[in-house]
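A.B. asks: build me a structure from this.
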Amino acid sequence: MSKDRLAHNVFFKLKDATPAKVQELVDACKKYLNVQPGIVFFAAGPLCAELDREVNDRDWHVGLHLVFVDKAAHDAYQDDPTHKKFIDENKPTWAGVRVFDSYV
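C.D. replies: Residues are numbered from 1 along each chain as shown. This next block holds a predicted model:
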């Protein structure tokens with residue numbers, strides 16, 4: 001098993017992408033997903049509308065970026081009750097979710 005840090009990046013596409021709904025999801029990320037042990041970096045925010053090059057993937061509204069000390073911390077986060085509460089409360093607002101995990 002690798003001891004490398006693990007980056008967990010999640011991109012949410014909302015059913016209602018009004019600025020207020022985008023901010024609600026950003027706020028929920030900050031409330032529920034920055035409290036688990038093993039997180040060394042956390043950020044959540046909206047798509048940067050000013051960056052619109054051909055290579056920019058723009059099919060999402062809120063990005064969540066976490067780096068964990070290792071894969072074990074990530075795995076514990078997935079089972080954390082606060083993470084599960086975030087999903088239960090916010091999943092109905094999602095039109096789609098894409099997850100990208102990598103060792104860093």
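A.B. asks: and for the closest residue to residue 59 other than its chain neighbours, the neighbour number?
C.D. replies: Counting by Cβ to Cβ, 6 or more residues apart in numbering, residue 13 is the residue found nearest to residue 59 once chain neighbours are left out, at 6.3 Å. The way it works is simple: take the backbone N, C-alpha and C, and place the C-beta from them, glycine included. Look at residue 13: counted by other Cβ atoms under 10 Å, it has 15 neighbours.
A.B. asks: do the same with residue 71
C.D. replies: By other Cβ under 10 Å, 18 other residues sit near residue 71.
A.B. asks: grab the nearest non-local neighbour of it.
C.D. replies: Using Cβ to Cβ, 6+ apart and skipping residues adjacent in sequence, the residue nearest residue 71 is residue 6, 5.0 Å away.
A.B. asks: next, give phi and psi for the one you found.
C.D. replies: Main-chain torsions, residue 6, degrees, to the nearest 10: phi -120, psi 120.
A.B. asks: equivalent analysis for residue 26, please.
C.D. replies: phi -60, psi -50.
A.B. asks: wouldn't it be in contact with residue 45 here?
C.D. replies: Yes. Residue 26 is within contact range of residue 45, at 5.9 Å (criterion: Cβ atoms under 8 Å).
A.B. asks: got any residues that touch both of the two?
C.D. replies: Contact with both residue 26 and residue 45 is made by residues residue 62, according to Cβ atoms under 8 Å, 6 or more residues apart in numbering.
A.B. asks: of these two, which one has the most company?
C.D. replies: Per other Cβ under 10 Å, whichever of residue 26 and residue 45 has more neighbours is residue 26, with 19 against 14.
A.B. asks: give me the nearest residue to the residue nearest the centre of the chain, chain neighbours excluded.
C.D. replies: Central residue of the chain (Cα atoms, centre = their mean): residue 64, 2.6 Å from the mean position. Nearest residue to residue 64, sequence neighbours excluded (Cβ to Cβ, 6+ apart): residue 10, at 4.2 Å.
A.B. asks: correct me if wrong: that neighbour contacts residue 101.
C.D. replies: No. The pair residue 10 and residue 101 does not pass the contact test of Cβ under 8 Å, sitting 9.4 Å apart.
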